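J.: quick one, fold the following:
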Amino acid sequence: MSGLPQANGQRYHFDIYAILEGSQELYFGHEVMINVNMVETVRLVLPNGEGIEKCYLSPTKRRGIERRCLLWAPCSNGKMLGEKLDCHIPKTCTKPECPVCAVYGGLITGKQTLIGRLTHGGGVAIQPLLPEEKQRAMHPSAILNDPNTNSPTPFKRQYNEPGLLYPVYNHCLSVTEDEFQAVAYAFLDSLARIGSGNPKGASLYEVDNAPLLVVDKYLVPHGARPVISPGETSVERALQIFQDKARRVNGGTGNGEHITVNNGNFERWIGWSAHQKLQKWADTFVNRVLKAND
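T.: The predicted structure is shown next:
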């Protein structure tokens with residue numbers, strides 16, 4: 001048994017596929033070496049045997065940013081949503097009726113676990129461009145060990161280079177439209193907050209003035225999944241693969257931006273149509289949850 005209450009309506013699976021672009025250099029802290037704050041990278045071996053290393057927009061870190069976007073969302077009573085719900089990090093409430101824990105899951109150690117039904121994937125940059133180290137200076141008040149020291153301590157920090165493209169994916173398992181509204185809000189709101197420290201932010205990458213964004217709602221997975229191989233290093237090929245797969249739907253009918261199959265067993269929104277659909281769900285979440293009277 002899942003332990004979840006019976007839903008008040010039809011459950012669906014939902015997927016979000018997108019290609020994000022780092023609008024500027026990005027620091028996504030991984031570990032600290034001697035005087036250098038490192039970013040996270042992955043290594044892989046190509047079919048020709050060549051080994052490469054790429055920057056990585058970790059799905060687990062992206063998930064944490066999305067959860068914080070929800071917990072810190074402004075409510076009409078002056079509180080943030082986490083305060084209103086008494087749900088925080090790491091002290092999650094694990095209540096099935098909590099719009100955050102219902103999809104992101106929760107844990108009260110030794111007492112209660114609520115399994116999340118949202119998973120995150122992707123994040124391996126397309127271009128094999130390694131991070132760059134930059135010299136920075138830490139304010140002395142943050143690191144003061146010697147009271148006689150009054151000068152900033154220099155250190156180095158790695159940054160993902162601007163313009164890197166990251167294919168990312170969010171998948172929801174058996175959630176209602178009401179539950180998915182929180183995911184839509186978190187995905188859109190998190191775009192400006194991706195990264196650690198400053199600067200932050202990524203944007204939806206556009207081709208021909210349309211974002212590379214696909215949203216699926218389905219009972220049967222009829223569409224090809226616009227997933228890019230982590231071994232792909234050509235931006236041109238990766239964008240073409242994403243667009244080709246986005247348009248490949250078995251038995252689908254529609255106008256090219258909204259495709260349906262078998263009376264709604266599968267629906268796909270592409271480009272601005274997908275963006276507008278996410279915004280509509282996010283607006284509904286704000287009106288239904290954040291503006292709700294206590």
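J.: pLDDT weak spots in this protein?
T.: 1, 30-34, 137-152, 294 (pLDDT under 70).
J.: point to the residue nearest the middle of it.
T.: With distances taken as CA atoms, centre = their mean, R62 lies nearest the centre of the chain, 4.6 Å away.
J.: distance of the closest residue to R11 other than its chain neighbours from C98?
T.: Closest residue to R11 apart from its sequence neighbours, by CB to CB, 6 or more residues apart in numbering: S174 at 4.5 Å. Quick note: C-beta positions are derived from backbone N, CA and C, even for glycine. Per CB to CB, to the nearest Å, S174 is found 17 Å from C98.
J.: give me the neighbour count for the residue nearest to R11.
T.: 14 (other CB atoms under 10 Å).
J.: test my guess that it contacts F14.
T.: No. The criterion here is CB atoms under 8 Å, and S174 misses it with F14 at 9.6 Å.
J.: so P74 bridges to which residues?
T.: Beta bridges link P74 to M80, judged by DSSP bridges.
J.: how about the helices of the chain, start to end?
T.: 59-71, 81-85, 101-104, 140-143, 177-190, 235-247, 272-285 (DSSP state H).
J.: how about CSV for those, with distance to G123 added?
T.: Output for those, formatted as CSV (distance: least, CB to CB, whole Å):
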stretch, distance to G123
helix 59-71, 5
helix 81-85, 25
helix 101-104, 17
helix 140-143, 30
helix 177-190, 13
helix 235-247, 14
helix 272-285, 19
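J.: of all those helices, which lies closest to G223?
T.: G223 lies closest, by CB to CB, to one member of these: helix 235-247, at 7.9 Å.
J.: residues contacting that closest one, please?
T.: 17, 19, 126-127, 165, 167, 207, 212, 214, 223-228, 232, 256, 268, 270 (CB atoms under 8 Å, 6 or more residues apart in numbering).
J.: so who does the residue nearest to the centre of the chain touch?
T.: H120, G123, V168, S190, I194.
J.: ok, P74 next?
T.: M80, L81, L290.
J.: quick one, which of the helices of the chain gets closest to V42.
T.: Closest approach to V42 among those (CB to CB): helix 59-71, 11.5 Å.
J.: what residues of that closest one count as buried?
T.: Buried positions in helix 59-71, judged by neighbour count with 16 or more other CB atoms under 10 Å: P59, K61, R62, R63, I65, E66, R67, R68, C69, L70, L71.
J.: mind putting these in a markdown table, distance to P199 included?
T.: Formatted as a markdown table, those follow (distance: CB to CB, whole Å):
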| residue | distance to P199 |
| --- | --- |
| P59 | 21 |
| K61 | 16 |
| R62 | 17 |
| R63 | 21 |
| I65 | 14 |
| E66 | 19 |
| R67 | 21 |
| R68 | 18 |
| C69 | 17 |
| L70 | 23 |
| L71 | 23 |
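J.: tell me the one among those residues nearest to T109.
T.: Distances from T109 to the buried residues of helix 59-71, taken by CB to CB, are shortest for R67, at 17.5 Å.
J.: mind listing what the closest one touches?
T.: R67 neighbours (CB under 8 Å, 6+ apart): I89, V100, Y104, A186.
J.: OK, contacts around the second one?
T.: Same thing as V100. Neighbouring residues of V100 by CB under 8 Å, 6+ apart: R67, L70, L71, L81, G82, L85, C87, T92, G106, A182.
J.: ok, now which ones touch the residue lying closest to G223 once chain neighbours are set aside?
T.: Excluding its sequence neighbours, the residue lying closest to G223 (CB to CB, 6+ apart) is V249, at 4.4 Å. Residues near V249 by CB under 8 Å, 6+ apart: H222, G223, A224, I259, V261, F266, R268.
J.: just L26 next, same as before
T.: Taking CB under 8 Å, 6+ apart as the criterion, L26 is in contact with V39, L57, Y159, N160, P162, L164, I194, G195, P199, K200, A202.
J.: please repeat the previous calculation with a cut-off of 7 Å.
T.: Y159, N160, G195 (CB atoms under 7 Å, 6 or more residues apart in numbering).
J.: dump those into CSV; add neighbour count and distance to V45 as well.
T.: Shown next, in CSV, are those (neighbours: other CB atoms under 10 Å; distance: CB to CB, whole Å):
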residue, neighbour count, distance to V45
Y159, 21, 26
N160, 27, 22
G195, 24, 28
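J.: in the sheet, who's paired with the residue lying closest to D216 once chain neighbours are set aside?
T.: Sequence neighbours aside, D15 is the residue nearest to D216 in space, at 4.2 Å (criterion: CB to CB, 6+ apart). The residues listed as beta-bridge partners of D15 by DSSP bridges are H171, D216.
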